[in-house]
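> Model the structure of this input:
(one chain, ligands or ions: 1)
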Amino acid sequence: MTKITRRGFNKKLAKGAGGAALALHMPLACGMGQDHKKLGIALVGLGGYSTYQLAPALEQTQHCYLAGIVTGTPAKERSWANKYRIPESNIYNYQSFDAIKDNAEIDVVYVVLPNSMHAEFAIRAAEAGKHVICEKPMGMNVAECDAIIKACSDNGVKLGMGYRLHSEPYTKAVKEFVREKTFGEVLYVASEAAYRSMGNPNQWRLNKNLSGGGALVNMGVYAIQAAIYATGENPVSVAAQEFSTRPEYFKETDETITAQFEFPGGAIANMMTSHNIRANRLHAECTKGWFELDPASTYIPLAGRTSRGELNFRQESQQKLQMDDFAKHVLFDEPNLAPGEMGKRDMLIVEAIYTSIAEDGKKQTLNFEPNFGFGG
Ligand code: NAD
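Below you'll find the model as predicted:
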């Protein structure tokens, strides 16, 4: 099979794939024709995602660095401070957090807490005058998304979602295929984002008060996102179904959901998300061929192929790329690839899916402005 490299496919795409600099843990970014301050990021919530993905990625970033931590677990303070050379003055707990407003070394607060805590900490960060990155799902409901967006706007700070895939080369290629109609018009998209949960039945993801929902608000967000970037449009309707096979484990939250979308240009999409089934794929059938990613939304490595050949792009930490892209948005006014409106749009779709399920699969109309929530 022919290999389509990122550089060979599109020069524009290759633009962002420059050599990874050896990141020094220092607040000055050098090169690229100018020296400038690296943005200081404070991670709020030091669980699995911060520990194994974000903090290591922040050792590789060129435009931001791990400057501070906010944790509710005192034992983590020392180990993180030692490992990442974080000064005592940049360590906060949930109570002392608001004092971060007086800390000039912290520019961005990255909220990586259970979903029920996103809105509170994103709003407190904005009120402290800090730019905000919020993990997905943005909040527990659309009203919380609106409150976060308003707080950031009122306080003049930037807001980005932790949607790492928008900075990732395979996903960027999909968006480019759609924009350029490389394979003609997209007719049908199948998107799946799911894993099998067997762990602690008391984890917060299975507790509706902390998570806001089950598979749909977790992996389902990726399946919704993929249906949108693989068609290049916001959906005009959705109908959904829920399946439950392990009710003793999934007591409060959804286990498996399928949903069908209609798009204004005529494309249709079918998505599946689950906490009981393993699947991670995006496939699009078009008038002049097809493209697919499999896996489509895991961390590296992603893989993809098209009716014209295999895709072969450079694999780097998605989180590194994502946080540098947000830093470039703040520092140089480059496009915000995953703005707050994108998080709100996805929550509007999540709510429509839950409504459809509650109404026995009845089709729900969605009324988005064209491109509402699309990033730059
Ligand atoms: P986790 O369970 O590993 O960590 C949660 C953290 O929150 C822990 O440090 C815990 O101490 C703290 N916490 C504070 N109050 C808590 C409470 N009442 N109950 C439980 N924990 C509490 O979770 P995680 O996997 O790090 O996920 C955190 C956020 O990041 C979630 O919103 C999740 O959706 C998101 N996430 C995003 C990605 C991605 O690829 N973008 C990947 C994983 C997680």
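
> For burial, what's the neighbour tally of the residue of the stretch 151-300 of the chain found nearest the ligand?
In the stretch 151-300 of the chain, the residue that lies nearest the ligand is W204 (4.1 Å; C-beta to the nearest ligand atom). No exception for glycine: its C-beta is placed from N, CA and C like everyone else's. By other C-beta atoms under 10 Å, 16 other residues sit near W204.

> touching the ligand at all, stretch 293-310?
No: counting by C-beta under 6 Å from any ligand atom, the ligand has no neighbours in stretch 293-310; the shortest distance is 7.2 Å.

> distance of E59 from H131?
For E59, the distance to H131 (C-beta to C-beta, to the nearest Å) stands at 20 Å.

> For those two, indicate the residue with more neighbours.
Legend: neighbour count by other C-beta under 10 Å for E59 and H131, higher for H131 (24 against 15).

> wait, isn't that one in contact with V111?
No: contact between H131 and V111 fails when scored by C-beta atoms under 8 Å: they sit 11.5 Å apart.

> tell me the secondary structure for V178?
The three-state label given to V178 by DSSP: H, G, I helix; E, B strand; the rest coil is helix.

> Likewise for L187?
strand.

> residue contacts, the residue of the stretch 151-300 of the chain closest to the ligand?
By C-beta atoms under 8 Å, 6 or more residues apart in numbering, W204 lies in contact with P114, L210, S211.

> what subset of those is also close to the ligand?
Checking those against the ligand (C-beta under 6 Å from any ligand atom), the matches are P114, L210.

> looking at the contacts of W204, which has the most residues close by?
For the contacts of W204, neighbours tallied by other C-beta under 10 Å; top is S211, 20 neighbours.

> wait, isn't it in contact with H118?
No: using C-beta under 8 Å as the test, S211 is too far from H118 to be in contact (10.9 Å).

> give the contact list for the residue nearest to D325 when sequence neighbours are not counted.
Nearest non-adjacent residue to D325, counting by C-beta to C-beta, 6 or more residues apart in numbering: S167, 4.6 Å away. Counting by C-beta under 8 Å, 6+ apart, S167 touches G16, Q318, L321, Q322, D324, D325, L337.

> for the ligand, what are the nearby residues on the stretch 51-200 of the chain?
G72, T73, V112, L113, P114, N115, E135, K136, G162, R164.

> and those as TSV, adding secondary structure, distance to G199 and pLDDT?
Converted to TSV, these look like this (DSSP: H, G, I helix; E, B strand; the rest coil; distance: C-beta to C-beta, whole Å; pLDDT from 0 to 100):
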residue	secondary structure	distance to G199	pLDDT
G72	coil	21	97
T73	coil	19	97
V112	coil	19	98
L113	coil	19	98
P114	coil	15	98
N115	helix	17	98
E135	coil	19	98
K136	coil	20	98
G162	coil	22	98
R164	helix	23	98
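
> Buried ones among the residues you listed?
Among these, the ones that count as buried by 16 or more other C-beta atoms under 10 Å are V112, L113, P114, N115, E135, K136, G162, R164.

> which two from these end up farthest apart in space?
Greatest spacing in these, by C-beta to C-beta: P114 and R164 (18.7 Å).

> circling back: may I have the phi/psi pair for the residue nearest to D325?
phi -100, psi 10 (degrees, to the nearest 10).

> cool, N218 as well?
phi -100, psi -90.

> Quick check: it touching Q203?
No: using C-beta under 8 Å, N218 is not in contact with Q203; the gap is 11.2 Å.

> Mind listing the shared neighbours of these two?
Residues touching both N218 and Q203 by C-beta under 8 Å, 6+ apart: none at all.

> quick one, which of the two is more surrounded?
N218 (24 against 12).

> and the residue of the stretch 1-150 of the chain nearest the ligand?
For the stretch 1-150 of the chain, C-beta to the nearest ligand atom, closest residue to the ligand: G47, 1.7 Å.
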